[in-house]
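**Q** Output the structure for:
(chains A and B)
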Amino acid sequence: MISIEAELRRRCALAIGKAFGAEHAPSAVVKAGDPKFGDYQCNSAMALARALGQPPRTVAARIIEHLNLDSLCEPPTITGPGFINFKLHVVFIGQRLEAIASQSASLARAGVPPASHRQTVVVDYAGPNIAKEMHVGHLRSCVIGDAISRILEFQTHAVIRQNHVGDFGTQFGMLIRYAQEVQLQTGAFPPIEDLDTYYRQAAQRDREDAQFALEARHAVVALQAGEPQAVALWRNIHHESRRHAEQIFQLLGVKLTPQDERGESFYAPRLPGIVLQIAEALAVGGDGSDTALGGADTPSRLKELAVSPPDDRAEAAGALASPQALDRLTDAQLPPVIHKPLTCISDGAMCLFLPGYVDKDKQPLPLIIQKADGAYLYATTDLAALYFRIVEDKLTPNDQKPLNENWHADRVIYTTDSRQAQHFAMVFDAACAMRWHVHPQTGQRVDLVHASFGSILGADGKPFKTRSGESVKLRALLAEAMDRAAAVVAEKNPSLSADKQRQIATAVGIGAVKYADLKQDRTGDYEFVWERILSFDGNTGPYLQYAYTRICSIFRKAGDVENSQARLELVESAELNLARHLLKFPDAVEIAARDLKPHYICTYLYELCGLFSAFYENCPVLKAANPATVKSRLILCRVTQAVLKVGLNELLGIPVLEEM
RNA sequence: GCGCUCGUAGCUCAAUUGGAUAGAGCGUCGGACUACGAAUCCGAAGGUUGCAGGUUCGACUCCUGCCGGGCGCACCA
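**A** Presented below is the predicted three-dimensional model:
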């Protein structure tokens, strides 16, 4: 069964097709703007009126003539300029809810249907830098990326989470060199309790000591060449960092595991092949075919760099190009305006020029895929990752963490902050230029999405920092959330055991922080204010968790009164309003998945709790007049509980509690 | 300078992407506990959606131009 909104849209499209021809078929069905207009409305008549040269209300009437609604709705009405209003039939509502409540399996899905077209979706999020402690800057990526993953996963898409860690940059030379130094002096590897301190000390040595800095550069080379001692130290740092990140993920309830981690170091061996591939395919003056220009200046240094380090894995990564192709890559041939993607060497760096990008001086802006010194950049790694996720065959021994099947992603989603918008636009354009955005099996266009988000600001509207201007550590932020929640629990519910209180404080504190982040449209900035986040009033995590505990409390008191064969009687307006809204949960999930915006689910759940409160105030459940009403109302409680659990817990990754 | 983005009630945010009378919470004011959890609920006041044009049956939403904030613009990620 698909969502009701989708079902009505389908039926309206069918009716429009029958009435006016299939070319007019797409139908605009949305939730009604106002309850007095029913549950849903079709807005297609007004749009069609012009094209058909008929009055919109006439068009609406003809749509209705061809509309088959079965017993879904009451007879539709035409209002205003030509809106078609649908009001769900009470009998239909009752049957649907009874069906959902009747089995634990259907309750577990809360009415949400599986996706009609199952896709393989890669979601790239979190991506912390190794050797630095995670800070608030990572919060949104973790929370939003995980929610998006959970939502798509719940729709039964095959979601592949990817943690693209920064673990192979130049900073590692510094860190390795510093680790060597400390080890030599103390005879023991320093415990990395505070990664930031460690990093800062290394950076300070790097700044102050030219000899140290030089050796740090050499350490990078040693690391990339696989020198055992450098690699061992790198592994050590890596291990410590991962341990730290794991703790954060676990505390946050983010479902990333070590198996999901493929960072810069993973892609490093593939980069030479990627650069070669792009350089040849898009060589300036060439058309990608084998027509090397004779006599052009040979950028021999780059040719050397592009094929080093000598690693046969580059070939496996798809290095189709021959080094000879690089012979024609001189910037002398670069046109002043870029009309098609071109690669060439500019100032010694391997550049990919894409149409539509210019710098401050209106000069073509390149996507640099290899620096003049031969090093690769994050654009290179991102392109390698895209190739890996979409094109590459995974059943090769090259993947250190092989899956059982090929990925060939249908969709790749990046959850990073909006400042990287241009970077991803360029990377996506580059992938398109290489035709890597075409699914190797289906030939369909792969959806490349930057699900960007804004910044977290302090109460003053400026970037969220500590008083001394440092970035707030994520661990400290979450600890404060739990402390604040613990204080409230101790005050409100002192009778609970200390252990129980701690458990509740964790769920409430972490949940509040996550919910505050998810409830707002991710594209905007938001202000982080403890009082607002941890409030029990309004659209907050604690408020929703509280609503859930009230329902649980009813069931604790109900004992075995519940009867799965009970019938739903919808009499009171509070009952009807709640019932109607419960059936719209699949619609909320669908639009949240469509736009990759978890806040649609938050808004839906908040409205649900408001309607449940009205029901709770006006319709006694356990003290209802007769047993049949008690059972009927317990069905509403049961489905509300299920929707809250699925929405909060499974889709948003926020814990629910039996009591608090 | 170019590009992206945002501007909605005193404050923090919504508005299913062009739909009907722009909705919530906080704060303010006024109410409801002998009550399935008052960590809650109900009511009131609060708006020329930054400004000015345009597009059309219909605009917070789209197009143009201003004003104001944020961010980005060649070898960091």
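**Q** how near is A:Gly454 to RNA strand B?
**A** 7 Å (CB to the nearest atom of the strand, to the nearest Å). C-betas here are computed from N, CA, C, even on glycine.
**Q** quick one, what contacts that residue?
**A** Applying CB atoms under 8 Å, 6 or more residues apart in numbering, we find A:Gly454 in contact with A:Asp417, A:Ser418, A:Arg522, A:Thr523, A:Gly524, A:Asp525, A:Tyr526.
**Q** For chain A, give the residue positioned nearest to RNA strand B.
**A** Closest to RNA strand B within chain A is A:Gly538: 2.2 Å, counting by CB to the nearest atom of the strand.
**Q** Apart from its neighbours in sequence, what residue is nearest that residue?
**A** In this structure, A:Gly538 finds its nearest non-sequential neighbour in A:Arg532, 7.8 Å apart by CB to CB, 6 or more residues apart in numbering.
**Q** near RNA strand B, from the contacts of A:Gly454?
**A** A:Ser418, A:Thr523, A:Gly524, A:Asp525, A:Tyr526 (CB under 7 Å from any atom of the strand).
**Q** So which residues of chain A form strands?
**A** A:29-31, A:40-42, A:77-79, A:83-86, A:120-124, A:158-162, A:342-346, A:349-358, A:364-370, A:411-414, A:447-450, A:456-457, A:526-527 (DSSP state E).
**Q** Least reliable of those strands by average pLDDT, please.
**A** Ranked by mean pLDDT, these bottom out at strand A:342-346, with a mean of 89.
**Q** near RNA strand B, anything from it?
**A** Yes: contact of strand A:342-346 with RNA strand B (CB under 7 Å from any atom of the strand) involves A:Ser346.
**Q** Quick check: which ranges of the stretch 51-200 of chain A have low pLDDT?
**A** A:184-195 (pLDDT under 70).
**Q** Tell me the residues of it that contact RNA strand B?
**A** A:Pro56, A:Thr79, A:Gly80, A:Pro81, A:Phe83, A:Asn85, A:Asn129, A:Gly166, A:Gly169, A:Thr170.
**Q** Kindly report the same for the stretch 451-600 of chain A.
**A** Residues of the stretch 451-600 of chain A lying near RNA strand B (CB under 7 Å from any atom of the strand): A:455, A:457, A:461, A:463, A:488-489, A:492-493, A:508, A:519-521, A:523-527, A:532, A:535-539, A:542-543, A:546, A:549-550, A:552-554, A:557, A:587, A:591, A:595, A:597, A:599-600.
**Q** just the buried members of those residues?
**A** A:455, A:457, A:488-489, A:508, A:519-520, A:526-527, A:532, A:535, A:539, A:542-543, A:549-550, A:552, A:554, A:587, A:591, A:597, A:599-600 (16 or more other CB atoms under 10 Å).
**Q** Against A:Ser71, how distant is the residue of chain A closest to RNA strand B?
**A** 39 Å (CB to CB, to the nearest Å).
**Q** which one is A:Val529 nearest to, not counting chain neighbours?
**A** A:Val529 sits nearest to A:Ala459 (CB to CB, 6+ apart), 4.9 Å away.
**Q** For that neighbour, give me its contacts.
**A** A:Glu527, A:Phe528, A:Val529.
**Q** What ranges does the stretch 201-350 of chain A have for its helices?
**A** Counting by DSSP state H, counting those that start in this stretch, the segments of the stretch 201-350 of chain A that form helices are A:210-224, A:228-252, A:264-267, A:271-281, A:300-306, A:313-316.
**Q** among the ones you listed, which is the most enclosed?
**A** helix A:271-281 (a mean of 25; mean count of other CB atoms under 10 Å).
**Q** That one close to RNA strand B?
**A** No: between helix A:271-281 and RNA strand B, judged by CB under 7 Å from any atom of the strand, nothing touches; the nearest distance is 11.0 Å.
**Q** got the angle between that helix and strand A:342-346?
**A** Helix A:271-281 and strand A:342-346 are oriented at 110 degrees to each other (axes from the mean of the first three to the mean of the last three CA atoms, to 10 degrees).
**Q** which other helices and strands contact helix A:271-281?
**A** Helix A:271-281 is packed against helix A:300-306, helix A:313-316, strand A:342-346, strand A:349-358, strand A:364-370, helix A:378-386, with contacts defined by 3 or more CB pairs under 8 Å, 6 or more residues apart in numbering; DSSP states H and E.
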